[in-house]
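> sequence first, then the predicted structure:
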Amino acid sequence: MMLEKSVGFLFLLRKPSPFRKGPWLLNLRITVDGIAKELSLKRRWEIGRWDSNKQRAAGTKEDARALNVYIDLILAKAQGARANMIEKEQHITAQGIKDVLSGATERRRMFKLVFEDHNKEMAALVDKKEYSPATLERFTTAKNFFFEFLEIQHKLKDINIHSLNLEIVKGFYLWLRTTRNCNHNSATKYITNVKKIVLLCVKHGWLKSDPWALFDMSLDEVDTVFLTKAQLETLIHKPIENERLSIVRDVFVFSCLTGLAYADISNLKLTELSIGIDGKIWIQKKRKKSKVPFKVPLLARTLEIIEKYKSHPRCIKFGSVLPVLSNSTYNEYLKEIAALCGIDIGLTTHVARHTFATTVTLLNGISLIALRDMLGHKRISQTEHYAKVLPIMISNEMEVLEQKLERGIVKSKIGE
C-alpha cells in the first residue's frame, strides 16, 4: 500500500533575469516531503496585480479571470497526477508530478529510451556483480536486433510504447527466424529480453496491460547433451602435455564432478570451501546467475584437482581454487580437448553441468531433490530438464524392486 506523502502546490511570480520592468514569470512550486521542484507555466503577470495569499491574479478584469481559470486547471491536473500515482502505487516525487504536467513523461515514453535506461542501470549493476557481463550482452543484442527490425521493416528509428502491439512482436519473431536465421528458441529468448522492457512499462503504469500477453513464449524441448561414463573417464585419464590444455581439461572435469557453471567456478574462492555435516569438504556459495544458494560435497577426484593447483601463481594471487582462463579461451581450448579425446560433441560448461546431473549423480542413485540443491535450482522442474532419465536407470531401479520382491519386502497374493 502506498504511504501518504506531504504534497504541496504553490503558485508564485518569479522576476525574469535579466529584468528591467514588465510582467513577471508565473511558476508552480511542487513540494513533496520537503523536496521542491518548480515548473514554468509559460505565462507572465504584473507583480502589482498578484495576490500572493490567494495565489491568484487580483481584480475582476477579463485577463485576471482568464489567468485564474488557467491556474485552477493546472492545480486540478497536479492534484490528479498525485491521485493517479497513489492509485497505481507509484513512488510520488515532485519531479514526477512536474514531468506529468510538463508532458515530459509522454516524451520519455519512446521505447528506445526506456530500453537504453534499463541497460545503463544493468551495466552499473554488472560493476556491482549483480548481473553478469553475458546477461548485459544479451539485452544489448536484443535491443540492437529489435531496433534494426523496426528500421528495416517499419522505417522507424524508435516507437512509442503505446504502439507495441501484437503485430509488432509477431513481425519481430518472423524477422528473427528469417533475416537473422535464429531457431525458435533463440528467437523466443530475444523476445523474452525485449518483453522484460515492455513489462517494465506496465510496472511503472505507463502501459495499462501487457500488449504481448497473447504471444506464445513457450520454448521447444531440447535434447540434453552430456558425457557418458566412458567419455568422462577418457577425458579424465587422457594424457595432455600442453599445460594450458591440461588446466582447461581439469577445470572442465571439476565442473563435471561438481555441476558448477563457468561463472561460479571462475570465481570460486578457498573461503567458500567448508567442512560439511559429514566431516568432508563441501562447496557452499550462491550461484552468480540466480543468487540461489547451493552446496556440493567434493569427490576425491575434485580434491586432487584442488591440491594440484593450490600453488599455482594465479590461485595464490586471487585466492581462487582453480586457475580458470577467460571464457573465450576456455571454450576454444575445449574444442581442442574434445578432438584429442575423440569426443564428437561440443564441450561447454552446460555439457559439464548436464554430465554432473545425469552421468555422475542421477545415474548413481542421487535423488532429484538432492540434485536440485547441488545445482542451485529454485524449482525441481529445472533439475528435471538438466538430468535425463536413461534406460539403464529404469533397469537399475527395477532390479532393486525385484530384489525387494524376492526378499519378501513387498508381498502380494495372486487372486486377492
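Okay, I see it.
> can I get the CA coordinates of stretch 167-182 in CSV?
Taking C-alpha atoms only, stretch 167-182 is exported to CSV below (Å, rounded to 0.1, in the frame of the first residue of the first chain):
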residue,chain,number,x,y,z
GLU,A,167,1.6,-7.4,-34.7
ILE,A,168,4.9,-5.8,-33.8
VAL,A,169,6.1,-8.8,-31.8
LYS,A,170,4.8,-11.3,-34.4
GLY,A,171,6.7,-9.4,-37.1
PHE,A,172,9.9,-9.3,-34.9
TYR,A,173,9.7,-13.1,-34.4
LEU,A,174,9.4,-13.7,-38.1
TRP,A,175,12.3,-11.3,-38.8
LEU,A,176,14.5,-13.1,-36.3
ARG,A,177,13.6,-16.5,-37.8
THR,A,178,14.2,-15.4,-41.4
THR,A,179,16.5,-12.4,-41.7
ARG,A,180,18.6,-13.4,-38.6
ASN,A,181,18.3,-17.1,-39.2
CYS,A,182,17.5,-17.8,-35.5
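> buried stuff in that stretch?
168-169, 172-173, 175-176, 182 (16 or more other C-beta atoms under 10 Å). All C-beta atoms are positioned from the backbone trio N, CA, C, and that covers glycine.
> next one: stretch 223-239
Neighbour-count burial for stretch 223-239 [16+ other C-beta under 10 Å]: 224, 226-227, 231-232, 235-236.
> for stretch 181-188, buried residues please.
Result for stretch 181-188 [16+ other C-beta under 10 Å]: buried residues 182, 187-188.
> same question, stretch 345-357
So, applying 16+ other C-beta under 10 Å, buried residues of stretch 345-357: 347-357.
> helix, strand or coil: sort out the closest residue to Leu207 other than its chain neighbours for me.
Excluding the flanking residues, the one nearest Leu207 by C-beta to C-beta, 6 or more residues apart in numbering is Cys201, at 4.5 Å. What DSSP: H, G, I helix; E, B strand; the rest coil gives for Cys201 is helix.
> among the buried residues of stretch 181-188, which are in helices?
Using DSSP state H, the subset of the buried residues of stretch 181-188 located in helices is 187-188.
> just put the buried residues of stretch 181-188 in CSV and tack on distance to Lys15.
Formatted as CSV, the buried residues of stretch 181-188 follow (distance: C-beta to C-beta, whole Å):
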residue, distance to Lys15
Cys182, 61
Ala187, 60
Thr188, 59
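> rebuild the buried residues of stretch 181-188 as TSV, extending it with distance to Lys128 and pLDDT.
Listed next are the buried residues of stretch 181-188 as TSV, based on distance: C-beta to C-beta, whole Å; pLDDT from 0 to 100:
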residue	distance to Lys128	pLDDT
Cys182	31	95
Ala187	31	97
Thr188	29	97
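> quick one: contacts of stretch 319-328?
Residues outside stretch 319-328 that contact it (C-beta atoms under 8 Å, 6 or more residues apart in numbering): 244, 247-248, 250-251, 254, 262, 265-273, 305-306, 309, 312-315, 330, 333.
> what packs against the one helix or strand Asp72 maps to?
Per DSSP states H and E, Asp72 falls inside helix 62-87. Packing partners of helix 62-87 (3 or more C-beta pairs under 8 Å, 6 or more residues apart in numbering; DSSP states H and E): strand 7-14, strand 24-32, strand 35-45, strand 56-57, helix 94-102.
> that one: which residues count as buried?
Neighbour-count burial for helix 62-87, with 16+ other C-beta under 10 Å as criterion, is recorded at 64, 67-68, 71, 74, 78, 81-82, 85-86.
> and it, how far from the chain's centre?
Centroid separation for helix 62-87 versus its chain: 41 Å, with C-alpha atoms, centre = their mean, to the nearest Å.
> now that helix against strand 35-45, angle please.
Angle of helix 62-87 versus strand 35-45, following axes from the mean of the first three to the mean of the last three C-alpha atoms, to 10 degrees, is 160 degrees.
> ok, now how distant is Trp206 from Ile161?
According to C-beta to C-beta, to the nearest Å, Trp206 and Ile161 sit 6 Å apart.
> for the two, work out which one has more neighbours and name it.
Between Trp206 and Ile161, Ile161 has the larger neighbour count (other C-beta atoms under 10 Å), namely 21 against 16.
> so who does the more buried one touch?
Per C-beta under 8 Å, 6+ apart, neighbours of Ile161: 109-111, 114, 198, 201, 206-207.
> quick one, which of the contacts of stretch 319-328 are buried?
Here, 16+ other C-beta under 10 Å leaves 247-248, 250-251, 254, 262, 265-266, 268, 273, 305-306, 309, 315, 330, 333 buried among these.
> in helices, which of those fall?
In this view, the buried ones among the contacts of stretch 319-328 that belong to helices under DSSP H are 247-248, 250-251, 254, 262, 265-266, 305-306, 309, 315, 330, 333.
> from the residues you listed, which is closest to Thr135?
The shortest gap between Thr135 and any of those belongs to Tyr262, at 13.3 Å (C-beta to C-beta).
> for that closest one, which non-adjacent residue is spatially closest?
Closest residue to Tyr262 apart from its sequence neighbours, by C-beta to C-beta, 6+ apart: Thr349 at 4.2 Å.
> equivalent analysis for Lys288, please.
Closest residue to Lys288 apart from its sequence neighbours, by C-beta to C-beta, 6+ apart: Ala263 at 4.2 Å.
> right, and that neighbour touches Ser132 too?
Yes - Ala263 lies in contact with Ser132 (C-beta atoms under 8 Å); the separation is 5.7 Å.
> overlap of the contact sets of these two?
With contacts taken as C-beta under 8 Å, 6+ apart, Ala263 and Ser132 have 288-289 as neighbours in common.
> and Trp282, that one's in a strand?
Yes - assignment of Trp282 by three-state DSSP places it within a strand.
> quick one: contacts for the closest residue in space to it that isn't next to it in sequence?
Leaving out its chain neighbours, the residue that sits closest to Trp282 by C-beta to C-beta, 6+ apart is Gly276, at 3.7 Å. Gly276 is in contact with 282, 284, 295, 297, counting by C-beta under 8 Å, 6+ apart.
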